[in-house]
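> Here is my input, please return the structure:
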Amino acid sequence: MSDDERMNNFPAGYVVPEVWAWENENGGQFSTINRPTAGATFEKALPVGRHPLQLYSQGTPNGQKITILLEELLALGHQDAEYDAWLINIFHGDQFGSGFVEVNPNSKIPALVDRSTPTPTRVFESGAILLYLARKFDAFLPKDHKAHTEALNWLFWQVGAAPYLGGGFGHFYAYAPIRIQYAIDRFAMEVKRQYDVLDRHLADHRFLAGDEYSIADIAVWPWYGALAQNELYGEGGKFLSTESYRHVQRWKDEVAARPAVKRGRLVNRTNGPADQQLRERHDASDFSVLGLA
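Numbers count the residues shown, from 1 in each chain. All right, here's what the predicted structure looks like:
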């Protein structure tokens, strides 16, 4: 590579090394929560409440998926879906405690422990938790073969697509310590393609699996619905012109109006106004402090 070519790199003069080395100071505001190694960094046992379902999470889009489903299950009358939701503050490094790593070796929220089984069952990865709970309570996963398969299609679509939306677009647009047009343009293009995929599908379907609300909608809404409401990454929705996807807008409004969605989005939340944060949840009456019980 010539000197002129190197000066066109960003930062100017950067040359890709033969072997990558971690430089923590380059991580921006996420430098304390991401690292290239796994495992616990300190000893700390997880708290255990009185319910069989113990959730360890934070109210990010991935965390909201699980609390929304649990609130939907309770609204449907599944009393055994009562749960304790403990805050794992990823910005404080709680996810690297030994107790949490034992439940999720990947050190990412959310993580669930089902203590109703003969020995406690750990479930990690948000998509796996949604499937586990839907099957456990036989709810929000269509019985019809075609609709069931379609729900799984969109569930796995979201799991695969979210890194482009959150780890890609969200990071470079809102969180990176420097603005890189190439990176923002690359991921904005991909996220808009994803919105077009959703919009075309929702033009002919009320919900993602068809006429039935399912874990597919619960998985997709906290990411694509919230961004379509301009609630993620500052003005990220405006930047992406999400208002132009009218079928997504219709869908996100219908899902957002569900009482269980409103409750679930508040659990383990650490950002926004205080009256929209229920940092821990141990009983349905806990919502009374926010006027929702």
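> Flag every buried residue along stretch 238-257.
Using 16 or more other Cβ atoms under 10 Å as the burial criterion, the residues of stretch 238-257 that qualify are Phe239, Leu240, Thr242, Tyr245, Val248, Gln249, Trp251, Lys252, Glu254, Val255, Ala256. Yep, even glycine has a C-beta here, placed from its N, CA and C like the rest.
> which helices and strands does the one helix or strand in the chain whose mean pLDDT sits lowest pack with?
Scoring the helices and strands of the chain by mean pLDDT, DSSP states H and E places helix 3-7 at the bottom, with a mean of 74. Taking 3 or more Cβ pairs under 8 Å, 6 or more residues apart in numbering; DSSP states H and E as contact, there are no helices or strands that helix 3-7 lies on.
> Show me what secondary structure element comes after it.
As assigned by DSSP states H and E, the chain's next helix or strand after helix 3-7 is strand 53-57.
> how long is stretch 129-145 from one end to the other?
End-to-end distance for stretch 129-145: 21 Å, by Cα to Cα, to the nearest Å.
> ditto for stretch 230-249
Stretch 230-249 end-to-end distance (Cα to Cα) = 11 Å.
> Please, which helix or strand holds the most centrally placed residue in the chain?
Central residue of the chain (Cα atoms, centre = their mean): Asn62, 1.6 Å from the mean position. Element membership of Asn62, judged by DSSP H and E, is helix 61-75.
> pLDDT of that helix, averaged?
What helix 61-75 shows for mean pLDDT is 98.
> what separates it from the chain centre, distance-wise?
Here helix 61-75 is found 11 Å from its chain centre; the criterion is Cα atoms, centre = their mean, to the nearest Å.
> With stretch 92-105 instead?
17 Å.
> domains in this protein, as residue ranges please.
Dividing the chain into domains by the TED database, as the record does, gives the ranges 53-140, 145-265.
> now those domains in a markdown table, with distance to Tyr14?
Converted to a markdown table, these look like this (distance: least, Cβ to Cβ, whole Å):
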| stretch | distance to Tyr14 |
| --- | --- |
| domain 53-140 | 29 |
| domain 145-265 | 12 |
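> Ser288 is nearest to which of those domains?
Nearest to Ser288, of all the domains of the chain, is domain 145-265, at 11.5 Å by Cβ to Cβ.
> so where do the helices sit in the stretch 101-250 of the chain?
Here the stretch 101-250 of the chain has its helices, by DSSP state H, counting those that start in this stretch, at 126-137, 145-162, 181-202, 215-220, 226-228, 236-239, 246-256.
> Mean neighbour count, the ones you listed: which tops it?
helix 215-220 (a mean of 28; mean count of other Cβ atoms under 10 Å).
> Reformat the helices of the stretch 101-250 of the chain as TSV; add mean pLDDT and distance to Pro47.
TSV is the format used below for the helices of the stretch 101-250 of the chain (pLDDT from 0 to 100; distance: least, Cβ to Cβ, whole Å):
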stretch	mean pLDDT	distance to Pro47
helix 126-137	98	19
helix 145-162	97	28
helix 181-202	97	37
helix 215-220	98	26
helix 226-228	98	28
helix 236-239	98	34
helix 246-256	98	31
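> related to what we said a few turns ago, please report how far the residue nearest to the centre of the chain lies from Asn104.
Distance, Asn62 to Asn104, using Cβ to Cβ, to the nearest Å: 12 Å.
> All good on my end, thank you.
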